[in-house]
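Undergrad: Would you be able to build a 3D model of this:
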Amino acid sequence: MSSRSGKNQTTLSSPTTTRMDKEIDTFLKKLSFGAIAIASLTLLSLFLHTPDTCIPTHAPPHPHLRFPKSTCDYPPTRPHLPLHKKNHRLWSSRAWNTTVHSFSLILLPLRHLGLLRNHSRALCVSAGAGHEVAALSLLGVEDVTGVELLDSPPLVSRADPHNLPFFDEAFDLAFTARFDEALFPARFAAEMERVVRPGGACYVLVGECGISEVMEVVRLFRNSKLVSSDKVTLSGMRMTSILMRTRQSTS
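TA: Here you go, the predicted structure:
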């Protein structure tokens, strides 16, 4: 009797269990649909809502205690300055004029040696912002060209110092204050020599060093001979100047 009654209970409970499973499944589906709807509305609201911080209002009472909530909280960028105004601001600064004056003192001895005249064609390689270009112009040189990987008009044009876009023997003087920074020093030196006429000058500045290091640099300039090497100061930084003259053609 007991086994028969157990079978009857199992048989009777099956429809109830099935009905409960269906109700749970329906409830979960409704819950999922509701969650999806809420999430969709939330995302839509975020996309359509403009942050309050983007709307210019009165200044906050304690700006030093207010952290930015978005990029709109940051102050506006500086207005775009025309190139001539940027250059005027740069060229009138004390740092600029100090560096230009320092370059002038380093380049001035070339005049005494007859290697630099007003009509000389001078090239400044890896000229940065153009301090050396300005210095040569200040010394009276009328034809000065500056090149760098990034241009700084009007003093410096864009060009690769390892592949100069000039004809052979186009200049009387090639100068660089950044020979130490050359990625390929031998190629850098060869290009400087290539664009300088026979009897012209290659003038480089390197970090302060001894005669052995100087000769290592000179050997990279295979078509030039050493004229002089001196200790110089560029804007308070101790450096070594190396002056070379390209050899005259034997033909």
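
Undergrad: In three-state terms, label the residue most central in space within the chain for me.
TA: Centroid check for the chain by CA atoms, centre = their mean gives Leu150 as the closest residue, at 8.3 Å. Counting by DSSP: H, G, I helix; E, B strand; the rest coil, the backbone at Leu150 sits in coil.

Undergrad: ok, Val156 touching Val133?
TA: Yes: here Val156 reaches Val133: they are 6.5 Å apart, a contact under CB atoms under 8 Å. Quick note: C-beta positions are derived from backbone N, CA and C, even for glycine.

Undergrad: which residues are common contacts for these two?
TA: 124, 127, 146 (CB atoms under 8 Å, 6 or more residues apart in numbering).

Undergrad: would you list the residues you listed in TSV and tack on secondary structure and neighbour count?
TA: Below are the shared contacts of Val156 and Val133 laid out as TSV (DSSP: H, G, I helix; E, B strand; the rest coil; neighbours: other CB atoms under 10 Å):
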residue	secondary structure	neighbour count
Cys124	strand	30
Ala127	coil	27
Gly146	strand	26
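
Undergrad: State the distance from the residue nearest to the centre of the chain to Val156.
TA: 8 Å (CB to CB, to the nearest Å).

Undergrad: contacting residues around the residue nearest to the centre of the chain?
TA: Arg158.

Undergrad: what ranges of the stretch 51-200 of the chain fall below the confidence cut-off?
TA: 51-79 (pLDDT under 70).

Undergrad: Going by residue numbers, what spans are strands in it?
TA: Applying DSSP state E, counting those that start in this stretch to the stretch 51-200 of the chain gives strands spanning 121-125, 143-148, 156-158, 171-176, 196-207.

Undergrad: would JSON lines of those strands with distance to Leu43 be doable?
TA: Compiled in JSON lines, these are given as follows (distance: least, CB to CB, whole Å):
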{"stretch": "strand 121-125", "distance to Leu43": "57"}
{"stretch": "strand 143-148", "distance to Leu43": "49"}
{"stretch": "strand 156-158", "distance to Leu43": "47"}
{"stretch": "strand 171-176", "distance to Leu43": "58"}
{"stretch": "strand 196-207", "distance to Leu43": "59"}
